[in-house]
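Peer 1: Build me a model from this:
(one chain, ligands or ions: 1)
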Amino acid sequence: MGNYYNPVRIKIDSIDVIEDVLNTIKPRFTNIVLLHRGGDFPESVAGRNLYKSLENFEVKQIEVNISNPDVEDLFHYYKQIENFDYQCIVGIGGGSVLDLSKSLAGLKDLEIESVSALRTMIDQKQYVENQNVVPWIGIPTTSGTGSEVTCWATIWDHANGVKMSVDSEHLYAHTAIIDPTLTVSLPKGLTASTALDALCHATEAYWSKSSNEISRIYSLEAIKRIVHNFEKVLNHPTEVTYRNEMALGSLYAGLAFSNTRTTACHSISYPLTLELGMVHGIATSITLAKVLKINFDSIIENDKLLQAFGVSSCDEVQGLIEHFNQLSGFSSKLRDYKANEEIIDKVAANAFTKGRMDNNPVALTQEEVKQILLSIY
Ligand SMILES: [Fe+2]
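Peer 2: Residues are numbered from 1 along each chain as shown. The predicted structure follows:
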């Protein structure tokens, strides 16, 4: 049985194809918002090529210098482009840039007067009815987020200590351009943490309650590529062959979880990031093998999952993640992120994100989540 849907046009190609993509969308539109990471991007080869491709358009640039965008950040960017009648958004960057691009595409022409109005709008999903959503193009510069092929974006609300989601079927990108050469300059830590995030997307998609025959094929292909090339890409960061494999791994993981969403590991990761400031991919993968062990008997064709990891037991997956962390300079123990028993209790209590934890094949109690966290303390 299978029921798979993803409307994003995917181009595994050079960033230069963007000109053709823009002409396909609507030949006569004029105004584009370009979100990018900033830094040396404008002077980079990719930056210069992108600007050349956009020279016939009126472009408003937004430099995104933050990670884990908050609702206040989204409001800030919304105000910057509110009066610029944009007909398309191009986002080039990591997950934060793509999530902001997607969110801003969905907020086009909505009247939002304050941060609290935006908070309410997201909370009550008022943007879902918006008839003026504009097309957006996602160009990832990391291999991990999957945001270029999913229809939701993570927006944090630090003031209230929660993670929110801008989520609608109207928010799929028009096109995703996967150009692995954009990732060759990624530092080791970011290469590793984004790859671990993608590994979780693929694995959680595999065991998700909503998994299907098609998504599982993407999951297995993603896991094989990421596991097989993880060490190689860290040792040879400028080797495009390995970057290409990681980009495909991330893309396939994105295609898998675009239809299934994530489960317990992501759900537990949100309070870990809020309470301990843990990087997303580390916060998600730190519980992956523990949750695998709990889920194992409920997983369809669980032997294929272990085969994709190249192991024969759940404990070996734990060893593999610890090895990856060690190679990349991350700890696999919560105590090294300044966790304590009080924080672990708080994380366990706040680990039950709707649509994520209840998507896990085995129902976990707060006490079980606490035991998972204590086992990696
Ligand atoms: Fe993730």
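Peer 1: my guess is A348 meets L374, correct?
Peer 2: No: with contact defined as C-beta atoms under 8 Å, A348 does not count as touching L374 (9.3 Å). No exception for glycine: its C-beta is placed from N, CA and C like everyone else's.
Peer 1: shared neighbours of those two, which are they?
Peer 2: Counting by C-beta atoms under 8 Å, 6 or more residues apart in numbering, no residue touches both A348 and L374.
Peer 1: These two - which one has more neighbours?
Peer 2: Between A348 and L374, A348 has the larger neighbour count (other C-beta atoms under 10 Å), namely 22 against 13.
Peer 1: Give me the below-cutoff pLDDT ranges for the stretch 51-200 of the chain.
Peer 2: Scanning the stretch 51-200 of the chain for pLDDT under 70 picks out nothing.
Peer 1: Can you identify each of the strands in it by residue range?
Peer 2: Using DSSP state E, counting those that start in this stretch, the strands of the stretch 51-200 of the chain run over residues 58-63, 88-93, 136-140, 152-157, 162-167, 175-178.
Peer 1: Most tightly packed of these?
Peer 2: Greatest average neighbour count among those goes to strand 136-140 (a mean of 28), per mean count of other C-beta atoms under 10 Å.
Peer 1: Could you list every helix and strand in contact with it?
Peer 2: With contacts taken as 3 or more C-beta pairs under 8 Å, 6 or more residues apart in numbering; DSSP states H and E, strand 136-140 sits against helix 18-25, strand 88-93, helix 95-107, strand 175-178.
Peer 1: Let's see the pLDDT reported for the residue nearest to L292 when sequence neighbours are not counted.
Peer 2: Counting by C-beta to C-beta, 6 or more residues apart in numbering, L292 lies nearest to C314, which is 5.0 Å off, once chain neighbours are set aside. Here, the pLDDT recorded for C314 equals 97.
Peer 1: Now do the contacts for C314.
Peer 2: 289, 292-293, 296, 306.
Peer 1: Looking at these, which are in helices?
Peer 2: 289, 292-293, 306 (DSSP state H).
Peer 1: neighbour-wise, which of the residues you listed leads?
Peer 2: With neighbours defined as other C-beta under 10 Å, the most crowded of those is L292; it has 26 neighbours.
Peer 1: dump the residue contacts of it.
Peer 2: Counting by C-beta under 8 Å, 6+ apart, L292 has contacts 203, 207, 305, 314, 317.
Peer 1: Around the third one, how many other residues sit close by?
Peer 2: In other words, L305. Neighbours of L305 (other C-beta under 10 Å): 24.
Peer 1: Same question for the first one.
Peer 2: For T203, the tally of surrounding residues (other C-beta under 10 Å) stands at 33.
Peer 1: Does L251 touch I10 like I think?
Peer 2: Yes: counting by C-beta under 8 Å, L251 touches I10, with 7.1 Å between them.
Peer 1: Please identify which of these two sits among more neighbours.
Peer 2: L251 (25 against 17).
Peer 1: wait, what's in contact with that one?
Peer 2: Applying C-beta under 8 Å, 6+ apart to L251 gives the contacts 10, 12, 146, 148-149, 176, 178, 222.
Peer 1: from the chain's centre, how far out does the helix or strand hosting it sit?
Peer 2: For L251, the enclosing helix or strand under DSSP states H and E is helix 240-260. The chain centre lies 11 Å from the centre of helix 240-260; the measure is C-alpha atoms, centre = their mean, to the nearest Å.
Peer 1: Over to stretch 249-265?
Peer 2: On the basis of C-alpha atoms, centre = their mean, stretch 249-265 sits 9 Å off its chain's mean C-alpha point.
Peer 1: so Q61 touches I32, yeah?
Peer 2: No: under the criterion of C-beta under 8 Å, Q61 makes no contact with I32, lying 9.5 Å away.
Peer 1: on that earlier part again, kindly reformat the ones in helices among the contacts of C314 as CSV containing pLDDT.
Peer 2: Shown next, in CSV, are these (pLDDT from 0 to 100):
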residue, pLDDT
A289, 98
L292, 98
K293, 98
L306, 98
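Peer 1: Show me which of the residues you listed is closest to N132.
Peer 2: Within these, proximity to N132 (C-beta to C-beta) peaks at L292, which comes in at 43.1 Å.
Peer 1: Quickly note the distance from the closest one to A349.
Peer 2: 23 Å (C-beta to C-beta, to the nearest Å).
Peer 1: With A363 instead?
Peer 2: From A363 across to A349, the span is 16 Å (C-beta to C-beta).
Peer 1: Ok, P237 next?
Peer 2: Using C-beta to C-beta, one obtains 40 Å as the distance from P237 to A349.
Peer 1: For those two, indicate the residue with more neighbours.
Peer 2: For P237 versus A349, neighbours defined as other C-beta under 10 Å are more numerous around P237 (16 against 12).
Peer 1: that's a helix at that one, yeah?
Peer 2: No: assignment of P237 by DSSP: H, G, I helix; E, B strand; the rest coil gives coil, placing it outside any helix.
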